[in-house]
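S.K.: got a structure for you, letters missing:
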C-alpha cells in the first residue's frame, strides 16, 4: 500500500552503508537482548518494555528451556510473516526448526518501526519481509556469535573451533556438546558484536526450503486467539449504530426500547454514532436493533453510483494533475493512423475480512490503558488512544493479536475503530473491560472501500502497428489527501496510491501522459489488497492486449517488444507463457489470456485458462503464475500468497461491488456481497524465479495480474472486451 | 435455565433460550474456536456438530440444542478428526485461519459419511464455507489426503 516512491525515498534516506551500520551499532550497543527471564505471555513484561526508556532492539529470546522466540513486529493477518520472519532468524542461528517460536512484539516505535514506512510501527505494502531482511539476519548472526562466545568460554576452547548445527553447539576435539538453552544465560552477558556478516546463500538451511507454518496447529484446533476471542473478567460488549449515509450525524435518538432489552447496560452517543453496551454480544445486537435514531444528512453523500460515475466521466474530459509525462502524447495521438480508446470503471469494494473489526479495551484503576486488537498500525493506534483518552502513549499497552484477515481494512490512517473503542471507554460509566464488535453488516456498509475509479485511455498506432502514444486519465478519490499521512505521501499534488501501476508502467512509450483527478466525497475509502494496482494493472494489461489485437500482433510478442529494457518483467512473462502454453491452439469454447505486472517490487505474470460451457456457464480453469520476489525466503508461503491473491482478485472481478442508491449502501452481508467460493477456485500453478535479489513483497502482488489475465482469456474465447469490473458475463459466448 | 452439553461437559447457562447457540458458546463457555463472521448462515465459520450433524450455530437457538450433544472444534476427536486436522497441518492449509474451524467441522462431517468424496461431493459439502484468504485449493487437497489416510 505504500507507494514505490515512498520505498525509493526510504532507500535514499536509509540506504545502509557500512559506516551507518557501525554508527547505529555504537548508539545501540547491545542490539540484541538474549533474555532469560522475560515471559512474553506475561502482560507485565509487555508493559515494562513499553514504559522503560528505549531498550536495545529485542528480536530474539533464547530461553533456558531451549526455545527461541522471534519477536514479530508486524501483524500476521494470514500472510504468514510470523513463519517467514522466524525462518530468517532460524537460518542465521542454525537453530533447529522445532525450537522456533514467535510472539507479537509490543507496540514500541523505538524498537519496532517498519524501516520502509518511516518512523511508524505498522504492516502494509507487502513490506514485512523486505524491511526485516537485513535487520533479522544481522540479529540472528549476532546471537549466533554470542552463543559461540559463551560456549567457548565455558569449555575453554577457541571460538573458531565451535560449530552450530540444527540447534546443537559442539566442539569436535573435546567432544563437548550443548544446546542454546544451556548457554542462554551466559550468552546474554556477552557483548553483542558490533558488526556481523550474515551467511552466504550457499549456507542457508531453511531459506528457500520448506518449513511448516508456525500457526497451523493453533488455527486447526481452535486454540488461536484473535481479538474477537479475547476475554477479560467482567467484560461487556459494545456495538455502535452508525449513520446509514456517509457524512451523516446523529440528530437525536430514542433509547427507551433499547434500554429495556435484557442485558443492555448503557447507551450513549459518541462522535461516530450511538453506542450500546451490553453484558453479551447477543444482547448488544438486540439492544442496538431497538434504538430509534434520527440522522442529520445535511452534509451526507446523497448520490447514487450512476450519478457518481456520470460526474467522473465529465471530469475525465478535462486534463487532471499530471502524474507522468514523456514526449508529446497528444501530438502523437493526433498523428496516429489508428486510435484505440476505452473507458474502464471500477466499483467501491469492501475488504470483508472473515473476522469483523473489533478490539478490547481495559482501563486500570491507576488510569493505565490496555488494548487488544489485530493492530496493523500500532503507532497510529497508540497515538489515537492517547489523544482520545487524554493520556500519554507510555501509559498504553497495545497487545497485537492474530487477525482474521485484513486486506488493508485494519490499516487506517486515523485508527478508525480503535478511535471508536477509545471514545466508548472514555464516556462509559462502567469500569468494566469493553469489547467493541462490528457486525458483518457494519463491515459491508461501513465504508473504507477501495475507491471507485474511472479511467479513460487513448492509445495511438502508426502505420506499422507500432504504439506511438498513450494518454490515460484517472478519476478517483484519494484516501491520503486530508489524512495524517498526507504530508508523507502526497508529492507534487499526486497521490501515488491512485496512479501506481499506471504512471510507472514499464512499457516503452516515448509519448506518454497519465493524469489524475482527485474527487471528494464523504464516502470513506482505503487501500484494498494491492491498492492502486487493483485498477491500474487491469486498465493497462487489458488495454495493451486490446492494442496488440488492433495492431494485428500476438499479445505476448507485443509485450515482449515493449519490455526489452525490463528483464525481470520479461523473465516472468516468458516463464508464465512457457509453463502456461500461451499461444497453443485451443478448442472454440476455451480461451487463454496473459498479463504481467510489477507491484511492491515483485514481478508477477499470469496465464489464465477459461472455458465457456454450452449453457453459457463460465469457469476459470487454471492460473499459471510466474513470480520474482527476490530471495524466496519461504517458497510455500509464497505459493500460498499467490493462490490466495488469485482467489481474492478473481472473486472481486467476478461479482463484487458496493453500490449506492441515494447515498445508501445497497449491500449488507455475504448474500449480496458474494465472496469467492470453493467451486469458483481455479487450479493455480506457481513458478518462482530463482533470484539473489533482496526479498520483496508477496502479500499483495498476486492480486493485480489475475483479473486482466482472465479478461484477456475471455476475449480470446468470446471476442468480447470487458472494460468494467465486476464483469458482466451474461450472454457472453463466441460470436 | 437452559442446560447445554458441549464437548461432553454440561453447562447450565442463565441466558435466553432464544439466544443463538453461537453467542452462548462464545460468550458463556470460554470456548472461542467457533467463529462469528456473518451471523446469517452465509459463511459457515460458526459450524458446530449437533449430535454429529453440522449446523450453523448462528442460526440454531440455544433452546433447540438442549438435550443434544454439541461438539465444537475444541471437542472433535476420533479417526476422522485427527486425519483431517493432520492433513490441514501437513499441507499448511491455513492463512488467517479464522474460517478454518468451520472448514474443518464441515470436512470432518463430510468424511464421516463419505470416505471417497469426488470433487463434486467436496464442492457441495464445502461450498457454504467462505474463506476470504481463498485457501480452497489446499482445503480440497487436505480433504483428499485425509480421505486417502482413512481409505
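M.R.: Great, that's in hand. Keep in mind the model is a prediction, meaning the values are calculated, not measured.

S.K.: find the closest residue to chain B in the stretch 601-735 of chain A.
M.R.: Proximity to chain B, evaluated over the stretch 601-735 of chain A using CB to the nearest CB, is greatest for residue A:647 at 2.2 Å. (Each C-beta comes from the backbone N, C-alpha and C, glycine too.)

S.K.: just give the number of residues close to residue A:145.
M.R.: A count of nearby residues for residue A:145, using other CB atoms under 10 Å in any protein chain shown, gives 20.

S.K.: return the residues in contact with it.
M.R.: For residue A:145, the contacting residues are A:193, A:196, by CB atoms under 8 Å, 6 or more residues apart in numbering or on different chains.

S.K.: any idea how far residue A:153 is from chain B?
M.R.: Using CB to the nearest CB, to the nearest Å, we find residue A:153 at a distance of 40 Å from chain B.

S.K.: again, but for residue A:219
M.R.: Taking CB to the nearest CB as the measure, residue A:219 falls 3 Å from chain B.

S.K.: residue 77 in helix, strand or coil?
M.R.: Using chain A. Assigned by DSSP: H, G, I helix; E, B strand; the rest coil, the conformation of residue A:77 is coil.

S.K.: was after chain B, sorry
M.R.: From three-state DSSP, the assignment for residue B:77 is coil.

S.K.: before we move on, the earlier item: in a strand, the residue of the stretch 601-735 of chain A closest to chain B, correct?
M.R.: No. Note on residue A:647: no strand contains this position according to three-state DSSP, which reports helix.

S.K.: where's it relative to residue B:14, distance?
M.R.: 43 Å (CB to CB, to the nearest Å).

S.K.: neighbour-wise, which of these two wins?
M.R.: Shown here are residue A:647 and residue B:14; by other CB under 10 Å, residue A:647 has more neighbours (29 against 7).

S.K.: list the contacts for the residue of the stretch 601-735 of chain A closest to chain B?
M.R.: Applying CB under 8 Å, 6+ apart, we find residue A:647 in contact with A:676, A:680, A:681, B:131, B:133, B:134, B:136.

S.K.: what about 7 Å?
M.R.: Residue A:647 makes contacts with A:676, A:681, B:134, B:136, as judged by CB atoms under 7 Å, 6 or more residues apart in numbering or on different chains.

S.K.: ok, now which ones touch the spatially closest residue to it that is not a sequence neighbour?
M.R.: The spatial neighbour of residue A:647 that comes closest, neighbours along the chain excluded (CB to CB, 6 or more residues apart in numbering or on different chains), is residue B:134 at 2.2 Å. By CB under 7 Å, 6+ apart, residue B:134 lies in contact with A:643, A:644, A:647, A:648, A:676, A:681.

S.K.: now, the contacts of residue A:647 that are in strands?
M.R.: Among the contacts of residue A:647, the subset assigned to strands under DSSP state E is empty.

S.K.: from those residues, which land in helices?
M.R.: Per DSSP state H, helices hold the following members of these: residue B:136.

S.K.: against residue A:438, how distant is residue B:117?
M.R.: Looking at residue B:117 against residue A:438, where the rule is CB to CB, the gap reads 36 Å.

S.K.: do the same with residue A:344
M.R.: As defined by CB to CB, residue A:344 lies at a distance of 32 Å from residue A:438.

S.K.: again, but for residue A:688
M.R.: When CB to CB is the yardstick, residue A:688 and residue A:438 sit 37 Å from each other.

S.K.: correct me if wrong, but residue A:265 is in a helix.
M.R.: No. Counting by three-state DSSP, one finds residue A:265 to be strand, located in no helix.

S.K.: skip the chain neighbours and tell me the closest residue to it.
M.R.: Nearest residue to residue A:265 in three dimensions, chain neighbours excluded: residue A:277, at 4.8 Å (CB to CB, 6+ apart).

S.K.: before we move on, what about residue A:631?
M.R.: Leaving aside its chain neighbours, residue A:631 sits nearest to residue A:695 (4.6 Å; criterion: CB to CB, 6+ apart).

S.K.: quick one: residue A:655 and residue A:674 touch, right?
M.R.: Yes. Under the criterion of CB atoms under 7 Å, residue A:655 is in contact with residue A:674, at a separation of 5.3 Å.

S.K.: which parts of the stretch 251-400 of chain A are strands?
M.R.: For the stretch 251-400 of chain A, strands defined by DSSP state E, counting those that start in this stretch occupy the ranges A:264-270, A:273-278, A:292-296, A:321-326, A:338-346, A:358-363, A:369-373, A:396-400.

S.K.: mean neighbour count added to the ones you listed, as a markdown table?
M.R.: Written out in a markdown table, the entries for the strands of the stretch 251-400 of chain A read as follows (neighbours: other CB atoms under 10 Å in any protein chain shown):
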| stretch | mean neighbour count |
| --- | --- |
| strand A:264-270 | 19 |
| strand A:273-278 | 24 |
| strand A:292-296 | 15 |
| strand A:321-326 | 16 |
| strand A:338-346 | 17 |
| strand A:358-363 | 24 |
| strand A:369-373 | 24 |
| strand A:396-400 | 24 |
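
S.K.: would TSV of those strands with mean pLDDT be doable?
M.R.: Compiled in TSV, the strands of the stretch 251-400 of chain A are given as follows (pLDDT from 0 to 100):
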stretch	mean pLDDT
strand A:264-270	98
strand A:273-278	98
strand A:292-296	98
strand A:321-326	98
strand A:338-346	98
strand A:358-363	98
strand A:369-373	98
strand A:396-400	98
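
S.K.: for residue A:594, find the nearest of these.
M.R.: Smallest distance to residue A:594 across the strands of the stretch 251-400 of chain A (CB to CB): 18.1 Å, for strand A:338-346.

S.K.: now do that closest one: distance to the chain's middle.
M.R.: From the chain centre to the centre of strand A:338-346 is a distance of 29 Å (CA atoms, centre = their mean, to the nearest Å).

S.K.: which secondary structure elements does that strand sit against?
M.R.: The criterion is 3 or more CB pairs under 7 Å, 6 or more residues apart in numbering or on different chains; DSSP states H and E, and the helices and strands that strand A:338-346 contacts are strand A:453-461, helix A:533-550.

S.K.: tell me the most buried of the ones you listed?
M.R.: Each of these was assessed for mean neighbour count using mean count of other CB atoms under 10 Å in any protein chain shown. The highest is helix A:533-550, with a mean of 25.
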